[in-house]
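1. coordinates for the following, if possible.
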Amino acid sequence: MVVMGVAGSGKTTVATILANTYRADFIDAQDLHTPSNRRRLSQGIALTDHDREPWIAAVSERIGSGTRASRPLVIACSALKRTYRDRLRESGPAVFVHLVGERWQIVDRLGPVTQQRLLAPLLESQFAALEPLADDEEGFAVRVTAPVSEVVSEVVRRLAETPVPMKSKRITL
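-> Residues are numbered from 1 along each chain as shown. A predicted model of the protein is given here:
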């Protein structure tokens, strides 16, 4: 399962809880960026597709390793573009859970003003690059306006109710 969305949408928090719920390994794709990309991101500098190439390859490798070892994985990964998600799916089966919120909701979630200022350019570039799940992609969207426990409960419910493979569906909490 790949929990996707822009910075500040709650990917890491939701994915960590889901990994514990399903007794799956957790991977924060942020940790798989190259050192230079991590420096850029920490400065609020948006990455290009070229910058993201080694990162997507590393995330894909983790999915492939988990698939080969029959280990369930929950990955927190922005997966903003269809091309990134297609690359990830090439490595093994993946269901995408898109955490969706309006810009102002995400900014509100970011907290302190300094953090907002630092992430504002990065967040704008991510919203500009974001390609929501298409109807032919496996997964669904969940709005992040509810408390985290409700978001997680909705994901668990949707996964239990929907036979795999599933088609992309959007929901509102």
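
2. secondary structure element holding the closest residue to Arg82 other than its chain neighbours?
-> Once flanking residues are discounted, Arg82 sits nearest to Glu131: 4.9 Å by Cβ to Cβ, 6 or more residues apart in numbering. All C-beta atoms are positioned from the backbone trio N, CA, C, and that covers glycine. Following DSSP states H and E, there is no helix or strand that holds Glu131.

3. in contact with Glu131, which residues?
-> Contacts for Glu131 (Cβ atoms under 8 Å, 6 or more residues apart in numbering) come out as 80-82.

4. before we move on, what about Arg23?
-> Contacts for Arg23 (Cβ under 8 Å, 6+ apart) come out as Pro72.

5. list phi and psi for it.
-> With angles defined as degrees, to the nearest 10, Arg23 sits at phi 50, psi 50.

6. for this structure, which helix extends over the most residues?
-> In the chain, assigned by DSSP state H, the helix with the most residues is helix 49-68.

7. need the per-residue pLDDT for the residue nearest to Arg82.
-> As predicted, Glu131 sits at a pLDDT of 96.

8. now do the one 4 residues further on
-> Reading off the per-residue confidence, Asp135 sits at a pLDDT of 93.

9. what of Lys169?
-> So Lys169 comes in at 43 (pLDDT).

10. please shift the residue numbers so they start at 431 in all later answers.
-> Sure, I'll start numbering at 431, so the last one becomes Lys599.

11. pLDDT weak spots in the protein?
-> 541-549, 592-603 (pLDDT under 70).

12. recalculate using a threshold of 50.
-> Along the chain, the parts satisfying pLDDT under 50 run over 544, 595-603.

13. which residues in it form helices?
-> Using DSSP H, helices in the chain cover 441-452, 465-472, 479-498, 512-520, 533-540, 543-559, 578-591.
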